[in-house]
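Engineer: give me coordinates for this.
(chains A and B)
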Amino acid sequence: MSVLTLERVTKRFDRVLAVDDLSFGVAPGTVFGFLGGNGAGKTTSLRMVLDIIRPTSGKIEVLGRAPGRQNAPEIGFLPEERGLYRQMTALDTIAYFGRLKGMATADAKREGAALLDRFGLAANAKMTVDKLSKGMAQKVQLATALVNRPKLLILDEPFSGLDPVNQGLLEEEIRRISATGATVVFSTHVMQHAERLCDRLLLLAKGRKKFEGTLDEARAELPARLSVIAKQDPSKVAGVESATDRGEAEKGWRRWDVRLEQGVAPGDVLERCTAEQFPLRRFEQLHASLHDVFVHIVGAPEAAQ
Amino acid sequence: MNNVLLVAAREFRQIAAMRSFWLTLLIIPLSMVIGGFTPMLIHSDEPSRVMIIDRTKDGGEARAIEERFELDANRDVLNDLSRYAQRHHLEGADPSAPWAQHDRWYSDADVTQFVAAGGADAAKAKIARVKAKDTPEFKPSKPDYAVVAVPALLASVPDANLGTALKPVLKPEGKDAKPVDYVILIPASFGQSPLVRLWANRQPSQQFVSTIQEVLTRDLRTRFLAAQGLSPAAAQNAASIAPALAISTPPPGGGAREALLIRSILPLFAAYMLMISLMLTGSWMLQGTVEERSNRLLETVLACVSPEELMYGKLLGTAGVGLFMIVVWVACGLFAAYATQGAIADFIRPALDPLTSPGIILAMIYFFIVGYVAIAILFLAIGAMCDSMRDAQGYLMPVLLLILLPISILMQAVLGGNSGGVLMEALTWVPIWTPFAVLARLGLGIPAWEVIGSGAVLLAFAAIEIVLLGRLFRASLLAQGQRPNLREVIARMRAVPS
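Structural biologist: Alright, predicted model coming up:
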C-alpha cells in the first residue's frame, strides 16, 4: 500500500498548465525525492497533496484517505516559503502548530521542548521569534513540522536558505525520522541532497513526470562511462560507443575516456577485453552524477533553471 | 471548530501581547477620569465672594443686591428640585408646589412662594414621604455668590483711594487667605449720578455683571419714577413689571427630552463602543493578516487549517478582543460608580432604563455582534490581499472614511434629539451603517418594523459578505504579486472554490 498516491493529476491555473497528468506512488518508509527545476510543478503538487489547492482533475490519496485537514495529525509539512509569528515564543510556536495538528497542549509542549533541546535551543524556548537568529528560527520552523511525529513528512525545498550547519541537521533529522518507519517526501533542485538521501526519485519538468525510480535506475538512464589505461584505442571493442585519448599515462600506455553504448554493462566490456586479449592496466567505471542524469533527462536549458 | 477556537485564541493572545492594546484599553477609563475631574479643575464649585461697599444714605442698594442673589440662588434650587421631581416622578408629593409644575420659567413670585413654604427642606420632607427607597436624595446646587462683610478699615477709606486699599482684599498674600472675587462700590452720590465701580480679581463673569446692572437699573428707574411724582410703591411696582414666561415645547416636551437623551446614553454608548472597538481591533486584525502574508507563514498554517477556519478564527479572536475591551471599560465604569458612593450610579440608573426592556437588550446585542462581523470582515479581506501595511493603507483609508463620516453626523443628530430625519432613516437601511444608526436610535424610539427590517437586511448583507469575502480571502491568501485591482478582486469573489 502506498502512503501517497497521485493518479493522473492535472492542475491548471488560467492558461498555465502547472501539473500535467502526473501519476506516482510513495511506499511507506521511503525517502522520496521530488526533483525538478523552478516552475516544474513541485510546489503545486505538494500543495495539492495537502489540500491547500485542489487539482483540476485526477485523484490523490494520502495515507489511504482523500487530501484534507483530517490528515494533518499524521503529516509534517515544511513549506519552501517559511515564516513564524514574530511575537510568539519558540516553544509556544511549536506547541501552537502541534495543537493545530490535534495534539493535546501538554503533549505539544513536551514534544516542542524535547525538539528544542535536541536542536540546542533549550535555553531559547521562551524567547520570542523576533529575537532569535535566522539559523535558530530555521530550527524552530523544522520543529513545527516534526512536533506531531508525523507518519508522512513533506518538505518543500527544505535546504534552500539553510546555512551548512542547519543543512546537516536537516539531513540528520530526515534520516532519523526515516529510521522510525516514517515516509519522507521532499522536493529539491539541489541534486547532491537527493543523491545522499533518497531511496526513490521522481524527475519533473514542465509539470510532467520524466523519470521515476531508484538512484541506480536513474544513473542507468545515462550510457556508462569508463576510465581506461590501454595500449590500443578501446573504441574497437564491441559495446564501446566512443573513446577519447587523454594523453600518455606511462611509456607505451595511454589514458582513455570511454563511453559505452546505451544499455551495455561495463562488466560485459571487461569480459570481452579479456577474451580478446586486449591489454589493460586500468579499467574503472565512472558513476554518473544525478546532475548529469537530470541534465540528460530534462535537457540542459531546463536544468539550468 | 477546535481549529477555529485555536486560531481565535492565538489571535487574542497576539493582540493582548501588544503594548498598544493595553494603552488603548487604558485610554478610555483614563480619559473618563480626566473628563470627570476637568470641570472640577476648571470650574470651582465654591461661590464667588462679593463685597458691596454701599455709601448711599440708607445702604439700600447693597440690600437689594443681596436680596437678588438670594432670590436667584433660590430659583436655582427650585429649578433643580423641579428637574429632580420630574426625573423621579415625585410631583405627587405636593402637586400645587411650584417645583411640581415644570411648564414655566419660575417667576420671582414662584420663588417667593417656594421660600415662604419652607424652601428645599420643606419640599424634601414632603418628597421623603412618597419617594421610592432607591431614589437618591435631592442635593441642591450651591449658590453662585456669597456676600462678605466690608471690613471696618475699608469703610473709612475715601472713594479715590479705594483702588489701592482693595489690592490686598482682591489678591491677598498668604496661602490660606481667601480672596474676594468682586468688590462693588456704590458711591454716596448714586441716584444723582449713575456711576458705580466694580473691582474684580479676574475677568468678571457676564452673568454677574448683568445681575448687578439689572438690580441697579431697577433702582435708578424707581428713583426716576418717584422723582416724576409717582408714589414710591407705584414706582417700585412699575420698575418690576415683567412678563410671565410660559414655556411650551411639542410633546413629549420639556424634561421628557432630557429623559429621552438619558435613555439614549446606553445605546449611543454601544454604538460608540462598536465604532471604537471595530477601528482598533479591525486594524490589529488587518496587521495580523498582513504579517502572516508578509512573513510567509500562511502555507504552514493552511496545511493544518482550512481558509474558512482561519477566517472564522481570526474574526472570533478579534471580536473577543473587542468584547474584552468593552467588558473592561464597563467594569471600570461600575467600579467608578461604586467608588464615588453612588453619585455616578444615580446618574447611570436612568440611563439603564432601556435594559428593563428585553426587546431593546436583544436588539443591542444583535446589532452589535452582526454589525461587528459585517464590518470586521472587510478589514480581514483587505489584510488577505496585501503584503505590507503600506499596501493595505490604500484600501483602508477609503473604507474607514466610508464608515466613519456618516457616523459622526449620526451621533450629532441623536445628541440633538433628532431621531426621525431623512438622513437617519436612510442610514438605517445601508448595511454598513445600520448597526450604528439602529443602536443610536434605540433610545429615542425607533419603530419595531424598522428594527426588524434593517436587522434582516444587515444579516443578509453579512451572509453575502461571508460568502464573497470568504472567496476573496481564500483566493488571495496564496496569491502572489501586485495588489489586485478591482477587476481581479471581483474575479476572486466570483471564483467558486472547487
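
Engineer: show residues contacting the helix or strand harbouring B:Ile15.
Structural biologist: Following DSSP states H and E, one finds B:Ile15 within helix B:2-16. Where contact means Cβ atoms under 8 Å, 6 or more residues apart in numbering or on different chains, the residues beyond helix B:2-16 that reach it are A:69, A:85, A:87-88, A:96, A:99-100, A:102, B:21, B:281, B:284-285, B:288, B:304-306, B:309-310, B:312-314, B:316-318, B:320-321, B:324. (Glycine included, C-beta is placed from N, CA and C.)

Engineer: please redo it, this time with the cut-off set to 7 Å
Structural biologist: Applying Cβ atoms under 7 Å, 6 or more residues apart in numbering or on different chains, the contact partners of helix B:2-16 are A:85, A:87, A:96, A:99-100, B:21, B:284, B:288, B:305, B:309-310, B:312-314, B:316-318, B:320-321.

Engineer: break the chain into its domains for me.
Structural biologist: Going with chain A. Domain ranges of chain A: A:4-219, A:225-287, per automatic domain parsing.

Engineer: hm, I was asking about chain B
Structural biologist: Looking at automatic domain parsing, the domains of chain B come to B:2-37+B:256-494, B:45-239.

Engineer: okay, the ones you listed in JSON lines with mean neighbour count and mean pLDDT next?
Structural biologist: Below are the domains of chain B laid out as JSON lines (neighbours: other Cβ atoms under 10 Å in any protein chain shown; pLDDT from 0 to 100):
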{"stretch": "domain B:2-37+B:256-494", "mean neighbour count": "18", "mean pLDDT": "80"}
{"stretch": "domain B:45-239", "mean neighbour count": "15", "mean pLDDT": "83"}
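
Engineer: and those domains as a markdown table, adding distance to A:Glu212?
Structural biologist: A markdown table is the format used below for those (distance: least, Cβ to Cβ, whole Å):
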| stretch | distance to A:Glu212 |
| --- | --- |
| domain B:2-37+B:256-494 | 25 |
| domain B:45-239 | 84 |
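
Engineer: nearest to A:Lys209, of these?
Structural biologist: domain B:2-37+B:256-494 (23.6 Å; Cβ to Cβ).

Engineer: please, which helix or strand holds residue 61?
Structural biologist: Picked chain A for this. Using DSSP H and E, the element containing A:Glu61 is strand A:57-62.

Engineer: the chain in question should be chain B.
Structural biologist: Counting by DSSP H and E, B:Glu61 is found in helix B:60-87.

Engineer: that helix packs against which elements?
Structural biologist: strand B:48-54, helix B:108-116, helix B:119-130, strand B:145-148, helix B:206-227, helix B:254-294 (3 or more Cβ pairs under 7 Å, 6 or more residues apart in numbering or on different chains; DSSP states H and E).

Engineer: can I get the helix or strand A:Gly213 falls within in CSV? Just the C-alpha atoms.
Structural biologist: Applying DSSP H and E as the criterion places A:Gly213 in strand A:208-214. Taking C-alpha atoms only, strand A:208-214 is exported to CSV below (Å, rounded to 0.1, in the frame of the first residue of the first chain):
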residue,chain,number,x,y,z
ARG,A,208,5.2,16.2,-16.5
LYS,A,209,6.9,13.2,-15.0
LYS,A,210,10.2,12.4,-16.8
PHE,A,211,11.5,9.7,-14.6
GLU,A,212,10.6,7.7,-11.5
GLY,A,213,12.8,5.1,-9.9
THR,A,214,15.9,4.4,-7.7
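
Engineer: what are the buried residues along the next helix or strand after it?
Structural biologist: Next along the chain after strand A:208-214, taking DSSP H and E as the criterion, comes helix A:215-219. Using 16 or more other Cβ atoms under 10 Å in any protein chain shown as the burial criterion, the residues of helix A:215-219 that qualify are A:215, A:218-219.

Engineer: helix or strand: which one has the residue lying closest to A:Leu162 once chain neighbours are set aside?
Structural biologist: Leaving aside its sequence neighbours, A:Leu162 sits nearest to A:Gln138 (Cβ to Cβ, 6 or more residues apart in numbering or on different chains; 5.8 Å). Take DSSP H and E as the rule and A:Gln138 turns out to sit in helix A:134-146.

Engineer: who's in contact with that helix?
Structural biologist: So helix A:134-146 is in contact with A:76-78, A:82, A:84, A:90, A:93-94, A:97, A:112, A:115-116, A:119, A:121, A:124, A:129, A:132, A:153, A:162-163, A:165-166, A:170, A:173, B:300, going by Cβ under 7 Å, 6+ apart.
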